[in-house]
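Enquirer: could you work out the structure for the sequence below:
(3 chains)
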Amino acid sequence: MAKQLSAIVANELRVLIRERTFILLLGVFLLMTLFSSYIGWTTKTTILAIYKASVLSLQHAGVTQIPPNPFIGIPALAIFRNMIIYIFLIGSLMAIVMGHRAFIRERKSRVIQLIFSKPVEKKTFILGKIIGITIALFSIVLITFLISVISSYFIPHQQLSLLETEKLALFYFVSFFYMLIFAMIGLWAAIVFDTESLALLVPVIVWIAVTFIFPELTTGQNPVALLNPTNIAVVTPTGPFFTLMHTALAPISIEQQYTALAQSLLETQKQFQSLPLSTTIIKNASSVLLLLLYYLLVMVLSFYAFVRYAVTNDKIYE
Amino acid sequence: MNTNNPVIETKSLSHSYNSHNALDNLDLEVYEGEIFGFLGHNGAGKTTTINILTTLMQPSSGTATVAGYDTVKQSMQVRQQIGYLPENVTFYNNLTAFENLSFFARLSGVHDVRKHIEEVLDFLDFHGIENKKLGEFSKGMRQRIGIAQAIIHEPKILFLDEPTSGLDPLGIKNLREIIIRLNKEKHLTIFMNTHLLSEVAKTCTSIGVLNHGKLIYKDTLDNTLRRFPSEVSLEEIYVQMEIKSAW
Amino acid sequence: MHSYGMPSPMTKSMNNRAVWIIAKKEYSDAIKNVLFVTLVVFLLFLTAVSLLVAGFNFQSQVAQYNAAIAQLHALGQTGAVLEKPQYFPLQMLRGTIEYLEIIGAIIGIILGYISIAKEKGNNTLQLLLSRPVSKLSFIFGKILGNSLLLASLLGLIVLFIMIAITGVGHVVFLPLELVKLFLAFIFSYIYLMFFYSLSALLSLLFKNLPNALIVGFVIWLLIVLVIPQIGDTMDPDNQIPGGFFNSMHMTKTQQQGVITKFKTYETLRNALEESSVEKHYERLAFATLGIKTMYNDKNLSVIFQDKWGDLVWIIGYYTGGILLSFAVFSNKRILERTT
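Expert: Okay, the predicted model is just below:
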């Protein structure tokens, strides 16, 4: 069984890196990782320069009481804050496609029937798929982590301390789990639905619900505003409706759980700065546990969906 | 000729999908060394039979044994003994022929994968294609890869579902020769679904006819041809049987 | 009435009857498509959610205002310094417009995909083109059919809004507001139709159809979500709560003076935003509906004086998309790749 398992895992990885759509998504994702460091850096240097120019302009106008620089002491990690958004926008969509392709491929080509005419247990096969997806995602996240670390070396005054590097690593590890949840949803839908486009659309609807609808219902923010990592000015509306929504939806709103955790790890606000790793985790323990719980849930769901799947079902419509 | 044990045996095998009987109390025996041609119109239940015999599907009732193993209770042992090529498989288009074959060989627990692949491709007289991607293959070439994956672990019984579908005349001829050589040289028992009568006459040693899930005829090819006047073609015999059973 | 049985002698040019038949088929095919219907229901649901949230949000603002006034009164002050939140029905549509930007675009992509995929998948494209139907009639039929479909969808949403605001909220629309609502409807149609033609284009170009859908999603992700988000993030005024220039107590002219010194940065940021059709649609719709408060209650002439550029952009994207799909469709080589 171990031999079969490793054959399935190796095959999954080999097929994946030869798929054009996957490579396209991966390319966009890696490019955005690199770009996010650049955006973070250029924005930071520009706003510091703008502050200086503003001070000059105010002094010129005869203002004596000049407000202090609001950007002083921006944590070094904060330049990566756009990554949070790229993970839940591009990363999770890429993960959905990975999970989707992992099963649709065998199903459409009927290779599934060949596989199960060999002495392979259903559990071995689905476990192989899950492990393959996990390794692929982990490698991708590892690469993005390295891109972030290396790019930070080229940015002046951006050298990361040991604690910051650890926090960045943990941020990517959490992101890995977040994407894994979506990969499993993609896999599950590909097993359960008989229409290829529906199998892709249903996870995308789940993704939209998690990324836009739940946060809107709990915070009253409009969908596009939720994508601004700097938009921390909003006052959460009050009243029985939002209280109810918050209580009911907070546990299933995994994007908000992820964002809360990611923001404290990336020190997007000064209050998070220099907090030890353990404190950061303890403060967000519920988010960590919920993410883990959801991962286990969708993994078990797709596992059993496949155990119940009829391998001779060769219906699949575009 | 067929005095030895049956290697495929079904007893009152039935299968129904949403109250429609795809298979109705099928009793069938196929003997070692035979090339068995399973005939029938579309939807007669041929693929359902093959799905059950290859353990991909479980029957609603009745039993089937392949190489002495029960297809439900001993499915893994059955799978060790069989090779299967379903209809219209397209394989992994982005992988090379070698990568495709080595994957299926590993799943079958083959040791020394490279040696086995070389042997099989040699047997099929299929050279210089190991490093080509399957996406570039013609239907006939794919079918040969299909045979290669089915025999790579040296099974005793080979199942083929409509193996000639979509092939051109030359491809059909090549496939026929391969099937006969597998039977003669590798001593494989072959079970093939088909509705091409001309193929059955040229390839098979015995035939069975399935109609609406029921076996309406089974005998060796020789007996079949002997039983009917020599000027009657197999096609006419088949049509007569279909008409009779319809009444 | 048309005469039956007589083939039109002008098969090379447009044939009204053929256009109409194709358009009707597009319409009826789409409303029978599970994927499309699912998305439409989803969009209506989101419209309801966004109106609901906007309503409760407003209620919360009023409650906060009243509480603040009460507090001030208790301290013996008048509440004159505080601005009372005012209800403008069109401003409630911000979430709806944003969902149209996101989900509406997906609906456009799905429509473009099924419109081409159904012909390519069943090889009916060749069949159709072997009839005396010109390519021009074919593509106009498709565009007409899908335009009617999108118009019905948007009509449904407008109806939904009317029922929610007038029927449930008991607020009557003013004539000018109705005109603005209608304009937003037109802009939304143009925006959605752009995604239709983009996706039809991809489906024509790609051999493997599901790949066309995935590439469509990637482009959607970039132009609808990622690029506008980058523009926002890079906005210097957006970096701290309440805005940077506000915190510096700077006047508008002082701001402008500082910003001009960072021209390349601003040009880069602006170019990013300009490249996204979504941003133009958003600016136009937000100004028209008064969601951008400086345009609230303004005449159309004032709005268009500022926003005509955005209108030109979205119309440009719209015609560009349609012309390009037409060019691809007329290219024999690409069509031959479909079989």
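Enquirer: whatever helix or strand C:Gly321 lives in - contacts with which helices or strands?
Expert: Element membership for C:Gly321 (DSSP states H and E) is helix C:300-330. Contacts defined by 3 or more CB pairs under 8 Å, 6 or more residues apart in numbering or on different chains; DSSP states H and E place helix C:300-330 against helix C:135-162, helix C:175-205, helix C:277-289. Backbone N, C-alpha and C define where each C-beta goes, glycine included.
Enquirer: what's the closest of those to chain A?
Expert: Closest approach to chain A among the helices and strands packed on helix C:300-330 (CB to the nearest CB): helix C:277-289, 7.7 Å.
Enquirer: can the longest helix along chain C be found next to chain A?
Expert: Assignment by DSSP state H gives helix C:34-74 as the longest helix of chain C. Yes. Helix C:34-74 is in contact with chain A by CB under 8 Å from any CB of the partner chain, via C:34-35, C:38-39, C:42, C:46, C:49-50, C:52-53, C:56-57, C:59-61, C:63-64.
Enquirer: stretch C:97-110 now?
Expert: Yes. Stretch C:97-110 is in contact with chain A by CB under 8 Å from any CB, via C:98-99, C:101-103, C:106, C:110.
Enquirer: looking at that stretch now, give me its mean pLDDT.
Expert: For stretch C:97-110, mean pLDDT is 93.
Enquirer: in the helix or strand harbouring A:Ser175, which residues are buried?
Expert: Here A:Ser175 is covered by helix A:162-192, with elements defined by DSSP H and E. The neighbour-count check on helix A:162-192 (16 or more other CB atoms under 10 Å in any protein chain shown) flags A:164-165, A:167-172, A:174-192 as buried.
Enquirer: packing partners for that helix?
Expert: Under the contact rule (3+ CB pairs under 8 Å, 6+ apart), helix A:162-192 is packed against helix A:92-109, helix A:122-153, helix A:196-208, helix A:254-265, helix A:277-283, helix A:285-307.
Enquirer: distance from the chain centre to the longest one, please.
Expert: Offset of helix A:122-153 from its chain centre (CA atoms, centre = their mean, to the nearest Å): 12 Å.
Enquirer: go through it and flag the buried ones.
Expert: A:124-134, A:136-137, A:140-141, A:144-145, A:147-148, A:151-152.
Enquirer: ok, and which of those residues reach chain B?
Expert: Restricting the buried residues of helix A:122-153 to those touching chain B (CB under 8 Å from any CB) yields no residues.
Enquirer: between whichever strand or helix holds A:Ile39 and helix A:162-192, how many degrees?
Expert: A:Ile39 belongs to helix A:20-60 when elements are defined using DSSP H and E. Here the directions of helix A:20-60 and helix A:162-192 differ by 140 degrees (axes from the mean of the first three to the mean of the last three CA atoms, to 10 degrees).
Enquirer: now helix A:20-60 against helix A:122-153, angle please.
Expert: Going by the same axes, to 10 degrees, helix A:20-60 makes 30 degrees with helix A:122-153.
Enquirer: residue contacts, A:Ala250?
Expert: A:218, A:256 (CB atoms under 8 Å, 6 or more residues apart in numbering or on different chains).
Enquirer: my bad, C:Ile219
Expert: C:198, C:202.
Enquirer: quick one: the helix or strand harbouring it to chain centroid distance?
Expert: Assigned by DSSP H and E, C:Ile219 belongs to helix C:209-220. Counting by CA atoms, centre = their mean, helix C:209-220 is centred 19 Å from the centre of its parent chain.
Enquirer: can you name the next helix or strand after that helix?
Expert: helix C:227-234.
Enquirer: elements contacting that following helix?
Expert: helix A:20-60, helix A:82-86, helix C:263-274, helix C:277-289.
Enquirer: what lies in contact with it?
Expert: A:35, A:39, A:42-43, A:46, A:82, A:85, A:89, A:224, A:227-231, C:238, C:265, C:268-270, C:272-273, C:275-276, C:278-279, C:282.
Enquirer: can you check stretch A:132-141 too?
Expert: For stretch A:132-141, using CB under 8 Å, 6+ apart, the contacting residues are A:8-9, A:11-13, A:16, A:26, A:29-30, A:94-95, A:98-99, A:102, A:172-173, A:175-176, A:179-180, A:183-184, A:187.
Enquirer: three-state assignment of B:Leu215?
Expert: strand (DSSP: H, G, I helix; E, B strand; the rest coil).
Enquirer: I'd guessed it sits against B:Asp24; true?
Expert: No. Here B:Leu215 does not reach B:Asp24: they are 9.0 Å apart, not a contact under CB atoms under 8 Å.
Enquirer: the two: which is more packed in?
Expert: B:Leu215 (21 against 18; other CB atoms under 10 Å in any protein chain shown).
Enquirer: so what's that one bridging to?
Expert: Partner residues in beta bridges with B:Leu215, using DSSP bridges, are B:Leu210.
Enquirer: correct me if wrong: A:Thr43 contacts C:Asp237.
Expert: No. Applying CB under 8 Å, one finds A:Thr43 not in contact with C:Asp237, separated by 11.6 Å.
Enquirer: between those two, which has more neighbouring residues?
Expert: Neighbours were counted for A:Thr43 and for C:Asp237 using other CB under 10 Å; A:Thr43 has more, 22 against 15.
Enquirer: what pLDDT is listed against the residue lying closest to that one once chain neighbours are set aside?
Expert: Distances taken as CB to CB, 6 or more residues apart in numbering or on different chains put C:Met234 closest to A:Thr43, at 5.2 Å, once the chain neighbours are dropped. We have a pLDDT of 80 for C:Met234.
Enquirer: now do the contacts for residue 202.
Expert: Just going to use chain A. A:189, A:193.
Enquirer: to clarify, I was referring to chain C.
Expert: Each residue near C:Leu202 by CB under 8 Å, 6+ apart is listed here: C:112-113, C:212, C:215-216, C:219.
Enquirer: with A:Ile143 instead?
Expert: Counting by CB under 8 Å, 6+ apart, the residues that A:Ile143 touches are A:Leu30.
Enquirer: tell me which stretches of chain B form strands.
Expert: Using DSSP state E, the strands of chain B run over B:6-17, B:20-31, B:35-40, B:61-66, B:69-70, B:82-85, B:157-161, B:189-193, B:206-211, B:214-220.
Enquirer: with distance to A:Trp207 added, can I get those strands in TSV?
Expert: Shown next, in TSV, are those (distance: least, CB to CB, whole Å):
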stretch	distance to A:Trp207
strand B:6-17	35
strand B:20-31	39
strand B:35-40	47
strand B:61-66	44
strand B:69-70	45
strand B:82-85	38
strand B:157-161	39
strand B:189-193	43
strand B:206-211	47
strand B:214-220	50
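Enquirer: so for C:Trp313, which of those strands sits nearest?
Expert: Smallest distance to C:Trp313 across the strands of chain B (CB to CB): 55.7 Å, for strand B:6-17.
Enquirer: give the other helices and strands that that closest one contacts.
Expert: strand B:20-31, helix B:46-53, strand B:61-66, strand B:189-193.
Enquirer: distance from stretch C:268-283 to the middle of the chain?
Expert: 13 Å.
Enquirer: quick check: mean pLDDT of it?
Expert: On average, the pLDDT along stretch C:268-283 is 87.
Enquirer: measure it end to end?
Expert: Its first and final residues considered, stretch C:268-283 spans 18 Å by CA to CA, to the nearest Å.
Enquirer: which residues touch A:Lys129?
Expert: Contacts of A:Lys129 by CB under 8 Å, 6+ apart are A:8, A:12, A:102-103, A:187.
Enquirer: pretty sure C:Met248 contacts A:Gln65?
Expert: No. Applying CB under 8 Å, one finds C:Met248 not in contact with A:Gln65, separated by 11.1 Å.
Enquirer: settle it for me: which of the two has more neighbours?
Expert: Counted by other CB under 10 Å, C:Met248 and A:Gln65 do not tie: C:Met248 has more neighbours, with 21 against 6.
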